[in-house]
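Asks: predicted structure and sequence below. I'll ask about it afterward.
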Amino acid sequence: MKGIVFTGKQAEVVNGLEVRDPGPTEVRVKIVNAGLCHSDVSVINGTIPWPAPSVLGHEGAGIVDAIGSEVGSVKPGDHVVLTTLANCGLCEHCSAGKPTWCRKSLGNMSQPFTLDGEPAWNFAATSVFAEKTVVREIQCVKIEDDVPLSSACLIGCGVVTGVGAVFNRANVQRGQNVAVFGVGGIGLNVIQACRIAGASRIIALDMIAAKEPLALQFGATDFVDVSQTDGAAAVRELLPYSSKHVTGPMGAGGVDWSFECVGHPKVLEGAMSCLDWGGNCVIIGVPPPTAELSTLIGQFTHVDRGLMGSRYGSIRPHKDIPILVDLYRRGQLMLDELVSATYPIEDFDKALADLHDGKLARGVLAF
């Protein structure tokens, strides 16, 4: 079986993979398409520490191949989106509709694979960069057969993380102003969710000027090339405190919501410093584990500003993914447009290079 394996130094396309049969509450899925996400790159470059060898990939969709004896929600032949959220489904947080708070939903490292006969780890409880994978039943969400799996695969991470941050974690209201720092796969989904929510001004910021057309296509009203100017200052120029003053008392002026989609402390500083009074910054990007933040506390306590994290869009997979699919089928949620290019698994290195060069909203692998 083919797959993409992190060796401890790099990612390689291999042929010697095998995956075990599903247990009683597990599902084996034949992967059809998988999105290439920065979190996969973060394993390769060491930002996310992970053991090797491990099968990468966590944003995928496919067809159910086999089910365990106790599985009842899907059957062989069903089309499914896979989620990384391997929550228990039984604790107080799962029962309250907050599965991202489930204490058993982090890590979930196991070795369902072998590589040339030796055990190999999974990644993010999914490992969709393989022709077949084994996941828990709770991670499989059935979708209609007419939804292209090349688009549906992106729901499993980039879409739910970005859209969910707006719909579930934040509370963006119609007419409010928003700044989105980072116009990659996550940022584009934040942008389109803000559009759907009815935000008035949606300011997209990125280091790559060529991303402007894509940002505008997904719903941004303005684009700032932060390779040429200070992002927070540019936001305040667009949304000043008054006609005479860009910045008012205690940093007044700016946006109601900002979303940090990059995972860098300096970017986060900009996202916080462009908030108006009462504004909130949502952290989505994943920095290295040792990253720290320093800020003036009074800039938050005195004017009701807020700072919050967002894990996986605070998603409730079996409730939210059908809603997203419905929005797609009704033409409100853009999925097909996220797919910049599709690559056979053998062209993984090319997909990786295109991602590094900023050419992709999302690159999709085909199996």
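Replies: Now that the structure is in, tell me what you want to look at.

Asks: all strands for the stretch 151-300 of the chain, in order.
Replies: Secondary structure of the stretch 151-300 of the chain by DSSP state E, counting those that start in this stretch: the strands cover 177-181, 201-206, 222-225, 255-260, 275-283.

Asks: can you redo the ones you listed as CSV with distance to Ala233 and mean pLDDT?
Replies: All C-beta atoms are positioned from the backbone trio N, CA, C, and that covers glycine. Formatted as CSV, the strands of the stretch 151-300 of the chain follow (distance: least, CB to CB, whole Å; pLDDT from 0 to 100):
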stretch, distance to Ala233, mean pLDDT
strand 177-181, 12, 98
strand 201-206, 11, 98
strand 222-225, 9, 98
strand 255-260, 13, 98
strand 275-283, 13, 98
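
Asks: how about Ala124, secondary structure?
Replies: With DSSP: H, G, I helix; E, B strand; the rest coil as the basis, Ala124 sits in coil.

Asks: contact partners for it?
Replies: For Ala124, the contact set (CB atoms under 8 Å, 6 or more residues apart in numbering) comprises 39, 58, 84.

Asks: so which of these is the most crowded?
Replies: Thr84 (25 neighbours; other CB atoms under 10 Å).

Asks: my read is that that one contacts Ile138, right?
Replies: No: at 11.3 Å, Thr84 does not count as touching Ile138 under the criterion of CB atoms under 8 Å.

Asks: which helices and strands sit right next to the least confident helix or strand in the chain by mean pLDDT?
Replies: None of the helices or strands of the chain scores lower by mean pLDDT, DSSP states H and E than helix 38-44, at a mean of 91. Using 3 or more CB pairs under 8 Å, 6 or more residues apart in numbering; DSSP states H and E, the elements in contact with helix 38-44 are helix 348-356.

Asks: redo that, cut-off 10 Å
Replies: Other elements packing on helix 38-44 under the criterion 3 or more CB pairs under 10 Å, 6 or more residues apart in numbering; DSSP states H and E are strand 3-6, strand 11-14, helix 158-164, helix 185-197, helix 348-356.

Asks: save the ones you listed as CSV, and put in mean pLDDT, distance to Trp257 and mean neighbour count too.
Replies: Below are the helices and strands packed on helix 38-44 laid out as CSV (pLDDT from 0 to 100; distance: least, CB to CB, whole Å; neighbours: other CB atoms under 10 Å):
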stretch, mean pLDDT, distance to Trp257, mean neighbour count
strand 3-6, 98, 35, 26
strand 11-14, 96, 35, 17
helix 158-164, 98, 13, 28
helix 185-197, 97, 8, 28
helix 348-356, 94, 27, 17
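
Asks: which of the ones you listed sits closest to Ser340?
Replies: Among the helices and strands packed on helix 38-44, helix 348-356 comes nearest to Ser340, with 7.8 Å by CB to CB.
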